[in-house]
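[1] What shape does this take:
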Amino acid sequence: MTALAGLRSEYFMSLSEDARKRYAAKLESVGLVISDDPYLPENNVHFTSEMRNWPNLEFGHIFTYFVTRPGLFTQEQLMSWKQLEAYNYYKSGHVRTIFCRFFGRGGRKFVLLKALVNPSQKSPDKANSAWVITKPDGTIICGHCTCMAGLGESCSHVAAVLFKVECAVRLGHTSVTAQKCLWNESFVSKITPSTVLDINFKRPKCRREEDSCSAALQPTPVLDQDHEHRLFSELETHIPDAVVLSSVIPVTVSKKQVIRKLPFLLTSLERRENLLLNKEELEKLCQTTFHKLSITSEESQYLEEATRLQSLTSLWFEHRKGRITASKFHAVRVTSISSPSVSLLKSFIGNQTSKSATIPSLQWGIENEEIARKAYIDTMSDGHCNISFMPAGLHVNPDFPHLGASPDGIIECDCCGDGLIEIKCPFKYRHLDPNLITDASFYIKRNIEGDIIGLSHDHEYFYQVQGQLSICSKDYCDFIVWTPKGLYIERILKSESFFDQLKPHLDTYFLQILLPVLLTGTIDTVVPSKDSLPVASSSKEIFCLCGGKDEGRMIACDNNKCSIEWYHYKCVGISCKPKGKWYCSTNCKTGASN
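    Here you go, the predicted structure:
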């Protein structure tokens, strides 16, 4: 292949000469050249799976586009669009993750959408690749697909992609950024054959009521699983060429169907009768229970998949309860077993609802995490091959089921393999470039000469990262610090010796402090003490003129050098957010203007 051909995709080179000219003309009609081919792997870095970037596509746009292009759908067929093969492709989950990019004048003249579409009966490895170009307002310009009808711009696979986008717009998913990844990435990855008895032949969302009949239905008796298993096993042994075996799912003969399930909740260990146990009996029960705790690899994988929305799903909260999560490893390590922190203990068993609405630092982190992740991926795309990001749920390692970790994501690339990412958006330093912060209390440390050494090994974030690496069985984690002024990335390698020294402390805390509370449902079974250990470092910060906590409705002074910065509404005598900038005093207003 010549250097010039290197700018062409394999798909383009596989076309006939006439088809190449038509394909090139299609791209040129919207200002693209062959090197911009969506099928060229080098162009993947320009695409994103964020649904908020999708066009405002409505059914009227789809109707207009296909009616004006003869050959696929008639006007009458589109009037009954839910019966079309293209719509059923989408409803059956055959449209994989949709990626998009902007191009044209100002970067927003056109939107290019592309996705793989699984065939209805064949292996998903032979999926067709479809793309379509629209305007941001939803007007469809052209489309293409690698199937036989793809050059005609209006095959069922192109239509299926459009139906998925139209549905997302109609349901409002394109404006809900926290859920975009999982909805967009939900599709049927494997087509599993079923018996005729188990197939639902109804149309999607069929609203017809079942026909009523006066006589009670007498269902045809069917074999139970054990009888069916023995019958087909006997047939396979004595008549291996029996025609009926060719229409039976192989697993029916060899093993029973496996039903996925989540691990049990640690909060379910509570028994009222355990309150009657004396100290020695409770300690013995704790030892027995601790050694019986288990979680299978299948349960662990299913839990991670089911909790990838993290704080947006109740499962994430429920399965974190009773587990020591990586973000608390440092707190557990430094607390006293004889006088444990009550607030730390309550954080493991309490109602762990999100406080993002009232704590400015948490709200800042949530609002900017997606921006930080995108900045990281854009930076890492240079110098890394086929880098991609996946959301991460709650990880529980079968080797230590009492621990858990929820990293900010999993990163994959051909050159470095799989790793984790942990993102920090420090509210305190939001006006500074993290690469230039020299504050001695900052967790990124420097040597005597002022050069950056890296994340402090004594800091809670280092404990968190090492805990995540051991629980998730990954070799590295990219620790990311983002502010609007800059991006800091540090690759931290897994230290097995660090975790080996830490784990006995985690086990002891769980066995002697947390597990007795889980078994009895009360913290009275452990010796309480005054809260000598704050759960989070942010609790040390002083807010407002009253010196109180960061709670309730608060407003920030627009002078970046304000010594207090955040104030309670009631303390400064306001009931709603003022228009424009707000300053806590005349001095701050004068200082900001200088």
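
[2] Report the separation between the two terminal residues of stretch 41-61.
    Taking CA to CA, to the nearest Å, stretch 41-61 runs 29 Å from one end to the other.

[3] Any buried residues in that stretch, and which?
    By 16 or more other CB atoms under 10 Å, the buried positions in stretch 41-61 come out as 43-44, 47-51, 53-57, 59, 61. Glycine gets a C-beta too; all of them are placed from N, C-alpha and C.

[4] Could you do stretch 321-339 as well?
    Result for stretch 321-339 [16+ other CB under 10 Å]: buried residues 321-332, 335.

[5] Save those residues as TSV, and put in secondary structure too.
    Formatted as TSV, those follow (DSSP: H, G, I helix; E, B strand; the rest coil):
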residue	secondary structure
Lys321	coil
Gly322	coil
Arg323	coil
Ile324	strand
Thr325	strand
Ala326	helix
Ser327	helix
Lys328	helix
Phe329	helix
His330	helix
Ala331	helix
Val332	helix
Thr335	coil
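
[6] In CSV: those residues, plus distance to Ala19.
    Converted to CSV, the buried residues of stretch 321-339 look like this (distance: CB to CB, whole Å):
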residue, distance to Ala19
Lys321, 59
Gly322, 61
Arg323, 57
Ile324, 60
Thr325, 55
Ala326, 54
Ser327, 55
Lys328, 60
Phe329, 59
His330, 61
Ala331, 63
Val332, 64
Thr335, 69
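
[7] Need phi/psi at Trp566.
    phi -110, psi 140 (degrees, to the nearest 10).

[8] I'd like to know how many residues surround it.
    18 (other CB atoms under 10 Å).

[9] go on, the one 10 residues further on?
    Residue neighbour count, defined by other CB under 10 Å, stands at 8 for Cys576.

[10] same thing with His173?
    Neighbours around His173, by other CB under 10 Å: 18.

[11] Tell me how far it lies from Phe63.
    21 Å (CB to CB, to the nearest Å).

[12] re the thing from before, now, which of the buried residues of stretch 321-339 sits nearest Tyr302?
    Nearest to Tyr302 among the buried residues of stretch 321-339: Arg323, at 16.2 Å, using CB to CB.

[13] just checking, the closest one touches Leu269?
    No - if you go by CB atoms under 8 Å, Arg323 and Leu269 don't touch, sitting 11.9 Å apart.

[14] residue ranges with poor pLDDT in the stretch 301-450 of the chain?
    Counting by pLDDT under 70, the ranges of the stretch 301-450 of the chain that qualify are 312, 351-358.

[15] Could you pull out the strands in it for me?
    Ranges of strands in the stretch 301-450 of the chain, per DSSP state E, counting those that start in this stretch, are 324-325, 388-390, 403-404, 409-413, 417-424, 444-446.

[16] among the ones you listed, which is nearest Pro578?
    Across the strands of the stretch 301-450 of the chain, closest to Pro578 is strand 417-424 (CB to CB), at 30.6 Å.

[17] packing partners for that closest one?
    helix 360-380, strand 409-413, helix 460-472, strand 476-483 (3 or more CB pairs under 8 Å, 6 or more residues apart in numbering; DSSP states H and E).

[18] Using JSON lines, please lay out those together with distance to Met554 and mean neighbour count.
    JSON lines is the format used below for the helices and strands packed on strand 417-424 (distance: least, CB to CB, whole Å; neighbours: other CB atoms under 10 Å):
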{"stretch": "helix 360-380", "distance to Met554": "6", "mean neighbour count": "17"}
{"stretch": "strand 409-413", "distance to Met554": "30", "mean neighbour count": "19"}
{"stretch": "helix 460-472", "distance to Met554": "25", "mean neighbour count": "23"}
{"stretch": "strand 476-483", "distance to Met554": "20", "mean neighbour count": "23"}
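
[19] Make JSON lines out of those and add distance to Ser495.
    Supplementary listing: the helices and strands packed on strand 417-424 in JSON lines, determined by distance: least, CB to CB, whole Å:
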{"stretch": "helix 360-380", "distance to Ser495": "23"}
{"stretch": "strand 409-413", "distance to Ser495": "19"}
{"stretch": "helix 460-472", "distance to Ser495": "6"}
{"stretch": "strand 476-483", "distance to Ser495": "11"}
